[in-house]
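# the following comprises the amino acid sequence and a computationally predicted model.
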Amino acid sequence: MTSRPVRLLIVGPQGSGKGTQGIRIAETFGIPVVSTGDVFRANVAQGTDLGQQVKSIIDAGQLVPDELTSAVVRDRLAQPDAAAGFLLDGYPRNLAQVRHLDEFLSSRDEALDAVVVLAVSREESIARLHKRAAEQGRADDTDEVIAARLSIYETETAPILEVYGERGIVDEVDGVGSLDEITDRIIAALHARGLARSAAA
Ligand code: AMP
């Protein structure tokens, strides 16, 4: 086990539960969650310039331009709390963003330690998103937007897993089960890599 900073990425189709599991894993490791979706939604809610730029893109389920998204992430990762490690949720989401993140991290002599993939079937994702739409009424949880987001996941996001797979840092975890079961699976996979809670946390 090590006590150095732990740098994680959680990936999964919309509705896979990556947001919920990301928070739990970050808590376990004592690191902040960096969720681009949350940053964008907060900016939309506050009516900032960034929020105004991205609102219609998010509502349509499309991707915010890579340069803008990567700049948001670089700013966030430059904050002091991210020195103890971090868990990225929802970024990178395509190959261009992987390149941006690689450049940023290597300029700091850093790299991702593990990429957790939550495996959930398309049918299960759709069923969960419909449930969330009924509960939370998110503008991007309509049938049309759900379909757009899932196909972007399949065409743009899934390929990043090949890149990270070649680096030997991908842990695929079954995303079906109780919240606790899934969290335990993820933690077991990360422990098997020798990753442990940061001493600084
Ligand atoms: P999420 O909560 O991760 O599903 O993100 C919600 C929305 O924010 C997405 O559908 C995109 O419109 C936008 N978004 C979040 N992360 C990214 C990203 N890495 N690149 C581009 N757009 C993103």
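Noted; the coordinates are in hand. Residues are numbered from 1 along each chain as shown.
# from the chain, which residue is nearest to the ligand?
Gly37 (2.2 Å; CB to the nearest ligand atom). No exception for glycine: its C-beta is placed from N, CA and C like everyone else's.
# quick one, helices of this structure?
Applying DSSP state H to the chain gives helices spanning 18-29, 36-46, 49-59, 66-77, 95-107, 122-136, 143-152, 158-166, 179-192.
# so Glu124 makes contact with Leu150?
No - contact criterion CB atoms under 8 Å: Glu124 and Leu150 do not qualify, at 11.3 Å.
# just want to know which of those two has more residues nearby.
Leu150 (19 against 16; other CB atoms under 10 Å).
# is it true that the more buried one touches Ser16?
No - shown here, Leu150 and Ser16 do not form a contact pair, counting by CB under 8 Å, at 10.4 Å.
# which residues are common contacts for these two?
Common contact partners of Leu150 and Ser16 (CB atoms under 8 Å, 6 or more residues apart in numbering): Ser125.
# tell me the buried residues in stretch 169-180?
By neighbour count on 16 or more other CB atoms under 10 Å, the buried set for stretch 169-180 is 169-171, 173, 175.
# typed the wrong thing, it's stretch 145-163
Buried residues in stretch 145-163, defined by neighbour count with 16+ other CB under 10 Å: 145-146, 148-150, 152-153, 156-157, 160, 163.
# end to end, how far does that stretch reach?
In stretch 145-163, first residue to last residue: 27 Å (CA to CA, to the nearest Å).
# chain center to that stretch: distance?
13 Å (CA atoms, centre = their mean, to the nearest Å).
# that one near the ligand at all?
Yes - against the ligand, stretch 145-163 shows contacts by CB under 6 Å from any ligand atom at Arg149.
# heads up, I number from 254, so please use that
From this message on, residue numbering opens at 254, which makes the last subject stretch 398-416.
# rewinding a little: for the helices of the chain, which one ends up most surrounded?
Highest mean neighbour count of the helices of the chain: helix 271-282, a mean of 20 (counted as mean count of other CB atoms under 10 Å).
# residues from this protein in reach of the ligand?
Counting by CB under 6 Å from any ligand atom, the residues of the chain near the ligand are 267, 289-290, 293, 310-311, 314-317, 322, 343-344, 346, 350, 393, 402.
# go again using 5 Å as the cut-off
289-290, 293, 311, 316-317, 322, 343-344, 346 (CB under 5 Å from any ligand atom).
# most widely separated two among those residues?
Greatest spatial distance among the residues of the chain next to the ligand (CB to CB): Ile311 and Tyr344, at 13.8 Å.
# quick one: distance of the least confident helix or strand in the chain by mean pLDDT to the chain centre.
Counting by mean pLDDT, DSSP states H and E, the chain has its least confident helix or strand at helix 375-389, which shows a mean of 85. Distance of helix 375-389 from the chain centroid (CA atoms, centre = their mean) equals 18 Å.
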